[in-house]
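> Kindly generate the corresponding structure for this input.
(one chain, ligands or ions: 1)
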Amino acid sequence: MSDREAAQRWEANAPAWIELSRAGYDVYRDLVNTPAFLAMLPDVSTSSGLDLGCGEGHNTRLLRRRAGRVVGLDVSRTFVDAARAEEAADPLGIRYLQGSAHHLPLRSRSVDFVVGFMSLMDIPDPAAALAESHRVLRSGGFCQFSIVHPLTLTPVRKWVTDATAIEWPWPPVVTSRTGRSKRPGPSALPPRTSGPRSGRFGSATTAGRWRDG
Ligand SMILES: C[S@@+](CC[C@H](N)C(=O)[O-])C[C@H]1O[C@@H](n2cnc3c(N)ncnc32)[C@H](O)[C@@H]1O
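Prediction:
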C-alpha cells in the first residue's frame with residue numbers, strides 16, 4: 001500500500017477513532033500498552049523528542065508530562081487537528097505537525113528520542129520510518145516503539161468476562177435478518193461511566209528500544 005493510500009484510510013478512520021478512544025474504548029492502550037511503554041521509557045525529563053504517528057495526541061500528552069519537549073507528528077489531518085484542539089484547550093507546549101514518517105519535516109540530529117506508540121506497524125514502509133528516525137536523532141539518542149507483533153499474537157483471542165460480569169467485547173456483534181453480522185457505529189455506544197473496567201486483558205504487543213551511538 002502506498003503512503004498516500006494509507007494516509008487516506010487513516011484519515012477516513014480518524015473521526016470514529018477519536019470519538020471511541022476519547023470515550024474510553026481504547027482499553028488495550030489505556031490499561032496495557034501505554035502503561036508498559038511509559039514504564040520502560042528512560043528518564044527524558046531534560047530531553048526533546050518526537051512522537052511518531054501520534055494520532056489524536058493522548059499519548060503525546062502523557063509523554064510531554066515526562067519529557068522536556070515533545071513534537072507530535074501524524075499523517076492524518078483530522079488527528080492533528082484534534083490533537084491541536086486539545087493542546088489549545090489545555091496547553092502543554094506540544095507542537096503538532098502533519099506529515100509522513102517516510103519524510104520527516106525535521107532537521108537532522110534535532111531530537112534526543114523518537115517514540116511510536118503502536119504506529120510503526122501501520123506505517124507502509126517501516127524501514128524508511130526507521131531511517132528517518134535515525135536521521136533526526138542526535139548522537140546517543142534512542143528510539144522506542146511498541147507494535148502489534150506476530151510473535152505475541154495468539155491464534156485465538158477473545159475478551160473475558162470481568163468482575164462485574166460484563167462480557168467483552170462490547171458492543172456485541174448484531175446479526176441482522178439477512179444473516180450478516182455488524183457492529184453498531186460509534187454513536188450507538190453506551191457512554192463509559194467510571195474509569196477502566198476491571199478484568200483481565202490479554203496483550204499482543206511488543207515494545208523495543210535501540211540507542212544510537
Ligand atoms: C494505531 S494508531 C496509534 C495512534 C497513537 N500513537 C496512539 O497510541 O493512540 C497509528 C497511527 O499511525 C499514523 N500513521 C500511519 N501512517 C503514518 C505515516 N506514514 N506517517 C505518520 N503517521 C502515520 C496513523 O494516522 C495513526 O494515527
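> Could you use CA atoms for every contact and neighbour count after this?
OK.
> can you pull the buried residues of stretch 140-151?
Buried residues in stretch 140-151, counting neighbours by 16 or more other CA atoms under 10 Å, are found at 141, 142, 143, 144, 145, 146, 147, 148.
> How far does it sit from its chain's centre?
Centroid separation between stretch 140-151 and its chain, computed with CA atoms, centre = their mean, to the nearest Å, is 12 Å.
> Show residues contacting the host helix or strand of residue 129.
Secondary structure from DSSP states H and E places residue 129 in helix 126-136. With CA atoms under 8 Å, 6 or more residues apart in numbering as the test, helix 126-136 has contacts from 101-104, 106-111, 114, 120, 123, 143, 212.
> again, 10 Å this time
49-50, 52, 100-115, 119-120, 123, 141-143, 211-212 (CA atoms under 10 Å, 6 or more residues apart in numbering).
> among the residues you listed, which are in reach of the ligand?
Counting by CA under 6 Å from any ligand atom, 100, 101, 102, 119, 123 from the contacts of helix 126-136 sit close to the ligand.
> Would you mind measuring from the nearest residue in space to the second one that is not next to it in sequence to residue 71?
The shortest distance from residue 101 to any residue that is not its chain neighbour, by CA to CA, 6 or more residues apart in numbering, is 5.0 Å, and that residue is residue 129. Relative to residue 71, residue 129 is positioned 16 Å away (CA to CA, to the nearest Å).
> One more: residue 85?
15 Å.
> Neighbour count: the two, which is higher?
A side-by-side neighbour count of residue 85 and residue 71, using other CA atoms under 10 Å, places residue 71 first with 20 against 14.
> Against residue 131, how distant is residue 63?
On the measure of CA to CA, residue 63 and residue 131 end up 23 Å apart.
> More neighbours: those two, which one.
Higher neighbour count among residue 63 and residue 131: residue 63, with 22 against 13, using other CA under 10 Å.
> Please identify the helix or strand for the more buried one.
helix 58-64.
> For that helix, buried residues please.
Within helix 58-64, judged by 16+ other CA under 10 Å, the buried ones are 58, 59, 60, 61, 63, 64.
> separation between residue 38 and the ligand?
Distance from residue 38 to the ligand, counting by CA to the nearest ligand atom, to the nearest Å: 12 Å.
> just to revisit the earlier point, any chance of the ones next to the ligand among the contacts of helix 126-136 in CSV, plus neighbour count and secondary structure?
Compiled in CSV, these are given as follows (neighbours: other CA atoms under 10 Å; DSSP: H, G, I helix; E, B strand; the rest coil):
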residue, neighbour count, secondary structure
100, 19, coil
101, 25, coil
102, 19, coil
119, 20, coil
123, 21, coil
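> Can you say which two of these are spatially most distant?
102 and 119 (12.6 Å; CA to CA).
> Which neighbouring residues are in contact with the nearest residue to residue 76 once chain neighbours are set aside, exactly?
Leaving aside its chain neighbours, residue 76 sits nearest to residue 11 (5.0 Å; criterion: CA to CA, 6+ apart). Neighbouring residues of residue 11 by CA under 10 Å, 6+ apart: 5, 17, 75, 76, 77, 78, 79.
> ok now the helix or strand harbouring the first one, how far from the chain's centre?
In this assignment (DSSP H and E), residue 5 forms part of helix 3-22. Its chain's C-alpha centre and that of helix 3-22 lie 12 Å apart, by CA atoms, centre = their mean.
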